[in-house]
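[1] What follows is a predicted structure for the sequence shown.
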Amino acid sequence: MAPKDIAVFVGSLRKDSLNRKMAHALAEIAPASLALQVVEIGQLPLYNADRDDGEQPPAAWGAFRRRVRAADAVLFVTPEYNRSVPGALKNALDVGSRPLGANAWRGKPGAVVSVSPGAIGAFGANHHLRQSLVFLDVAALPQPEVYVGGAASLFDAAGRLSNDGTRAFLLSFMQAFDRWITALSGAESAVRERLTAPVA
Ligand SMILES: Cc1cc2nc3c(=O)[nH]c(=O)nc-3n(C[C@H](O)[C@H](O)[C@H](O)COP(=O)(O)O)c2cc1C
């Protein structure tokens, strides 16, 4: 069976981003049943509804929406900016959510990893992101939660994850995400039918 296509969104645009290193580590740790690919968000023009309503929307928006739609699942790896989601990632969520009635995120299984050099592992960003995902109809894996604190000491000079305990935990997380995607892809249509059926 072909591996599941996991679109990965990194909330930092920084060249030496700890979150990007984490995304690469997750791609390497993931079971063979998952194929992770980072989808770039830094090139997306800021969302402006006029550009969807009027003439041609930016080509970068169209390509991004098509990539999200094609994915079997979505994985967010993000730092915290001022106790919330970085603007670049919020913009990507907004771009994918429109035009109205064509939300590319709809029905995707998802997961959230937050990474910070600070002590509380970007908890605020993780949960603000989850709030948006509820509205976008992305079913984010509840457990295990992944808040990676003290991240500056987890990678070696080549940018590889060098902490065995973190690696083992992330493997269990990716395995849980794999099971979550499998369970939801079978259940989604049945659940939706039940939710939309008229009450007898
Ligand atoms: C604008 C800005 C706001 C930040 N706010 C927070 C914050 O609220 N909480 C936190 O843990 N770190 C905060 N940081 C520090 C980031 O966690 C740190 O820069 C981290 O390395 C960013 O992730 P990256 O390495 O993937 O770029 C902030 C950094 C910036 C640039």
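    Perfect, I can see it now. Numbers count the residues shown, from 1 in each chain.

[2] tell me which parts of the protein are close to the ligand?
    Taking Cβ under 6 Å from any ligand atom as the measure of proximity, the chain contacts the ligand at 12, 14, 17-19, 79-83, 116-118, 122. Heads up, the C-betas are built off the backbone N, CA and C, glycines and all.

[3] which of those tops the neighbour count?
    Neighbour counts for those (other Cβ atoms under 10 Å) peak at A122, which has 31 neighbours.

[4] in the sheet, who's paired with P109?
    Beta-bridge partners recorded for P109 (DSSP bridges): A139.

[5] Tell me where the protein has helices.
    Secondary structure of the chain (DSSP state H): helices at 18-29, 49-53, 59-70, 87-97, 123-136, 164-196.

[6] Same list (the ones you listed) but as CSV, adding mean pLDDT and distance to M1.
    Compiled in CSV, the helices of the chain are given as follows (pLDDT from 0 to 100; distance: least, Cβ to Cβ, whole Å):
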stretch, mean pLDDT, distance to M1
helix 18-29, 98, 19
helix 49-53, 94, 37
helix 59-70, 98, 17
helix 87-97, 99, 27
helix 123-136, 98, 27
helix 164-196, 86, 11
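
[7] These into TSV, with extra columns for distance to V8?
    Listed next are the helices of the chain as TSV, based on distance: least, Cβ to Cβ, whole Å:
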stretch	distance to V8
helix 18-29	5
helix 49-53	25
helix 59-70	11
helix 87-97	12
helix 123-136	14
helix 164-196	11
